[in-house]
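**Student:** I'll drop the sequence and a predicted model, then ask my questions.
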Amino acid sequence: MTRAVAWDVDGTLVDSEQLHHLALMTVSARYGLPIPADDTRFIGVSMDQVWSRLQPHYPAGLQESAWQQAITEVYLARASELRAFPGALAAMAAVQRAGIRQCCVSNSARAIVAVNLAAIGALSFLEFAISRDDVARGKPDPAPYQEACRRLQLPAADVLVVEDSDTGLASARAAGCPVLRFGADLAGYERVLTVIGGHGA
């Protein structure tokens, strides 16, 4: 029985993956590391894991904290460009009308999660949002979704997760949650409403 929906944010509710990648490209270029615009290796990946992969290619002495801060600054400076995916807010409203609780679980930093949800007007639908700052390990580790279930005080089987990336899917499944994969060619918001029995609510 679905008693709550845990939404991923980037690429699921907010059309933000391009901006995330642009911020990574911009900052990496400052340090002499070109990253192609079509590089998809980092979709859904937490920034500490991105750093682990790229750090050997940056100049010696560059600190992760300074790198992450620079990326966050580029992202936040262009937050006005963020948009919800068509149908996202309508789906969240329908879930709310159906009496199903909602939260968000993201691999992004707290500041980015906050600006994402505020930019699209999603905060009023949510009990809370979990960011990478709230857990010891990010997705694909189960910790983010385990923390969501703990805060909801619900068993994982009752928390439906909506994700767009392999990283997020692995996290949710490892936590024991049922999962729907969101994407243009996969399950859309109408599938979420069908699963919770809230279509037309």
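**Tutor:** Yep, that arrived.
**Student:** So residue 183 sits against residue 164, correct?
**Tutor:** Yes: in this structure, residue 183 is within contact of residue 164 by Cβ atoms under 8 Å, at 5.5 Å. Using the backbone N, CA and C atoms, a C-beta is placed for each residue, glycine as well.
**Student:** quick one, which of the two is more surrounded?
**Tutor:** residue 164 (23 against 12; other Cβ atoms under 10 Å).
**Student:** Who are the contact partners of residue 74?
**Tutor:** Residue 74 is in contact with 22, 23, 26, 27, counting by Cβ atoms under 8 Å, 6 or more residues apart in numbering.
**Student:** Ok, residue 96 next?
**Tutor:** Residues near residue 96 by Cβ under 8 Å, 6+ apart: 102, 125.
**Student:** just to revisit the earlier point, can you redo the contacts of residue 74 as a markdown table with pLDDT?
**Tutor:** Converted to a markdown table, the contacts of residue 74 look like this (pLDDT from 0 to 100):
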| residue | pLDDT |
| --- | --- |
| 22 | 95 |
| 23 | 94 |
| 26 | 96 |
| 27 | 97 |
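**Student:** Counting only helices, which of the residues you listed make the cut?
**Tutor:** Per DSSP state H, helices hold the following members of the contacts of residue 74: 22, 23, 26, 27.
**Student:** can you tell me which residues contact the third one?
**Tutor:** For residue 26, the contacting residues are residue 74, by Cβ under 8 Å, 6+ apart.
**Student:** Stretch 122-130: which residues count as buried?
**Tutor:** For stretch 122-130, the buried set under the neighbour-count rule, 16 or more other Cβ atoms under 10 Å, comprises 122, 125, 126, 129, 130.
**Student:** re earlier: so which of the ones in helices among the contacts of residue 74 is the closest to residue 135?
**Tutor:** Closest to residue 135 out of the ones in helices among the contacts of residue 74 is residue 23 (21.9 Å), distances taken as Cβ to Cβ.
**Student:** who's in contact with stretch 149-157?
**Tutor:** Contacts of stretch 149-157 (Cβ under 8 Å, 6+ apart): 3-4, 101, 103, 127-128, 130, 145-146, 159, 175-178.
**Student:** Please repeat the previous calculation with a cut-off of 7 Å.
**Tutor:** Here stretch 149-157 makes contact (Cβ atoms under 7 Å, 6 or more residues apart in numbering) with 3, 4, 101, 103, 128, 159, 175, 176, 177, 178.
**Student:** ok, now stretch 182-198?
**Tutor:** Residues from elsewhere that reach stretch 182-198, judged by Cβ under 7 Å, 6+ apart: 2, 5, 12, 87-88, 91, 94-95, 97-98, 100, 160, 162-164, 180-181, 199.
**Student:** Now which of those would you call buried?
**Tutor:** Among the contacts of stretch 182-198, those classed as buried by 16+ other Cβ under 10 Å are 2, 5, 12, 88, 91, 94-95, 98, 100, 160, 162-164, 180-181.
**Student:** From those residues, pick the one nearest residue 46.
**Tutor:** Residue 46 lies nearest to residue 163 out of the buried ones among the contacts of stretch 182-198, by Cβ to Cβ, at 13.9 Å.
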